[in-house]
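[1] only geometry, no sequence info:
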């Protein structure tokens, strides 16, 4: 009985996600669902990406948070379309929240829509939003054993950004072991190691993302 | 309708949590629900606590994970009662999982039961387990703005451990601002700043926990 209810929720979400996906395709927008634990660096990566790509792409941002507009405030300095979603307690975004946010955005004036999900390594992976690109961040500070413990997001993402590489050496983080574990779970995944703080590795990420947008929206 | 269903789930959990609580009281065990983001240092804090308190207290551990027994393996070197719960996808422990785990433990031979919840700063805060102590960890690497973004856990915990103080200075983490924000949301909270890696501040935490166990179980 409970399972039926949950399946109903997932089915309803899936249906709206497909509608969002069709809309993004029609409007030639690449929507990127960006998922990670709290504090892994989602907003920092968005800022760094805006710095590097805002002159070449028209970028919009949806900020998902349980409460507060801390992250949206951080991005206010950029001249972009930005919509804040407060989930009011919910631990992930869902497709219907995105549909509502899109009513406040002009997709005709956008190439890339970055959707910052709620900080959570579990639940966001279960709810498709209609995105064309599923991206996740793991911070070096979280440890290299996380893929084994939170397998769904690592298995299901198309790109993994390993952030805070400037902290390597401060603990026992093993980058080779991380890559090996993730690639075994998800052979198709693309991985970027970078530091939003120092800037190391950021260009490779934004070059890749730029090409991804260009090839997805032409 | 959906809200009714969810309330049913919460009510059922609440009832079992009260039964667990009564059992802990009868058996004179302090149960600590330990919550945090992935990689904040839950297992490290448990190891450090075992090192310091295992000669003076009889400690048991319940390890909650979505998948894998990585954490339970790390604790295998200690001569303690330990039970692994794999939630099979669920993003938090609930009272019924604890009740089932307790069937495999001898509470008559225990003073402190540490329950390591699933790594998640959101959902675990919504499900009482019957614990006598609600504890959480925030890692310095996660940033000082997290209480505003994930208010429930910070408002509802009795003790906050700020871990990875050895990373202060590697980013823009502001410890004073963190304490001020948390104490405004939750004036009764006790906060410990420490580093499981260097050992700094650990004695203050274990001294406090030891006294808490003694006063709760006499």
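    Yes, it's here. In this text the structure is predicted, and so the values were computed from the model without any measurement.
[2] So which bits of chain A are right by chain B?
    When proximity is defined by Cβ under 8 Å from any Cβ of the partner chain, chain A lies next to chain B at A:5, A:37-39, A:65-68, A:70-71, A:89, A:91, A:118-123, A:139, A:141-143, A:145-146, A:148-152, A:164, A:166-167, A:170-171, A:197. (C-beta placed from N, C-alpha, C; glycine too.)
[3] are any of those buried, and which?
    Buried subset of those (neighbour count, 16 or more other Cβ atoms under 10 Å in any protein chain shown): A:37-39, A:65-66, A:68, A:70-71, A:91, A:118-123, A:139, A:141-143, A:145-146, A:148-152, A:164, A:166-167, A:170-171, A:197.
[4] remind me, longest helix of chain A?
    Longest helix in chain A, counting residues (DSSP state H): helix A:2-27.
[5] Is the residue minimising distance to the centre of chain A part of a helix or strand, or is it coil?
    Centroid-nearest residue in chain A, with Cα atoms, centre = their mean: residue A:34, separated by 0.5 Å. Of the three states, residue A:34 takes strand under DSSP: H, G, I helix; E, B strand; the rest coil.
[6] Assess the claim that it and residue A:45 are in contact.
    Yes - judged on Cβ atoms under 8 Å, residue A:34 makes contact with residue A:45 at a distance of 7.3 Å.
[7] Need the overlap of contacts for those two.
    Common neighbours of residue A:34 and residue A:45, using Cβ atoms under 8 Å, 6 or more residues apart in numbering or on different chains, are residue A:137.
[8] follow-up on the earlier one: relative to residue A:115, how far out is the residue nearest to the centre of chain A?
    6 Å (Cβ to Cβ, to the nearest Å).
[9] Would you check how far apart the residue nearest to the centre of chain A and residue A:94 are?
    Taking Cβ to Cβ, one finds residue A:34 at 15 Å from residue A:94.
[10] and if you look at residue A:168?
    Counting by Cβ to Cβ - residue A:168 and residue A:94 are separated by 35 Å.
[11] Chain A: helices as residue ranges?
    Taking DSSP H, the helices of chain A run over residues A:2-27, A:42-53, A:70-74, A:95-102, A:146-149, A:151-156, A:175-185, A:202-217.
[12] mind checking which of the ones you listed is nearest residue B:49?
    helix A:146-149 (20.4 Å; Cβ to Cβ).
[13] what residues are up against residue A:90?
    The contact partners of residue A:90, taken as Cβ under 8 Å, 6+ apart, are A:66, A:118.
[14] returning to what we had before: quick one: average confidence on the longest helix of chain A?
    Over the span of helix A:2-27, the pLDDT mean works out to 82.
[15] how big is the angle separating it from helix A:95-102?
    Between helix A:2-27 and helix A:95-102, the angle comes out at 30 degrees (axes from the mean of the first three to the mean of the last three Cα atoms, to 10 degrees).
[16] List the buried residues of helix A:2-27.
    With burial defined by 16+ other Cβ under 10 Å, the residues of helix A:2-27 counted as buried are A:13, A:16, A:17, A:20, A:21, A:23, A:24, A:27.
[17] Skipping its backbone neighbours, what lies nearest residue A:45 in space?
    Among residues not flanking residue A:45 along the chain, residue A:196 sits closest, at 5.7 Å (Cβ to Cβ, 6 or more residues apart in numbering or on different chains).
[18] Neighbours of that neighbour, how many?
    Neighbours of residue A:196 under the rule other Cβ atoms under 10 Å in any protein chain shown: 26.
[19] How about residue A:108?
    Residue A:108 - counted by other Cβ under 10 Å - has 9 other residues nearby.
[20] on that earlier part again, lowest average pLDDT across the helices of chain A?
    Mean pLDDT across the helices of chain A is lowest at helix A:2-27; the value there is a mean of 82.
[21] Just give the nearest non-adjacent residue to residue A:197, would you?
    Leaving out its chain neighbours, the residue that sits closest to residue A:197 by Cβ to Cβ, 6+ apart is residue A:166, at 5.5 Å.
[22] and that neighbour, what does it touch?
    Applying Cβ under 8 Å, 6+ apart, the residues contacting residue A:166 are A:195, A:197, A:198, A:200, B:170.
[23] Distance check, the closest residue to residue A:60 other than its chain neighbours against residue A:101.
    In space, residue A:60 comes closest to residue A:81 once its chain neighbours are excluded; the distance is 4.0 Å by Cβ to Cβ, 6+ apart. From residue A:81 over to residue A:101 the distance is 10 Å, taken as Cβ to Cβ.
[24] Counting neighbours, go ahead and name the busier of the two.
    residue A:101 (21 against 17).
[25] Wait, the more buried one touches residue A:63, no?
    No - between residue A:101 and residue A:63 there is no contact under Cβ under 8 Å: 9.3 Å.
[26] what residues do those two have in common as contacts?
    Common neighbours of residue A:101 and residue A:63, using Cβ under 8 Å, 6+ apart, are A:83, A:85.
[27] Any idea how many residues pack against residue A:177?
    Using other Cβ under 10 Å, the number of residues around residue A:177 comes to 12.
[28] My understanding was that it contacts residue A:146; is that so?
    No - Residue A:177 lies out of contact with residue A:146 (Cβ under 8 Å); the separation is 11.2 Å.
[29] residues in contact with residue A:162?
    Counting by Cβ under 8 Å, 6+ apart, residue A:162 makes contact with A:137, A:138, A:139, A:140, A:175, A:178, A:191, A:192, A:193, A:194.
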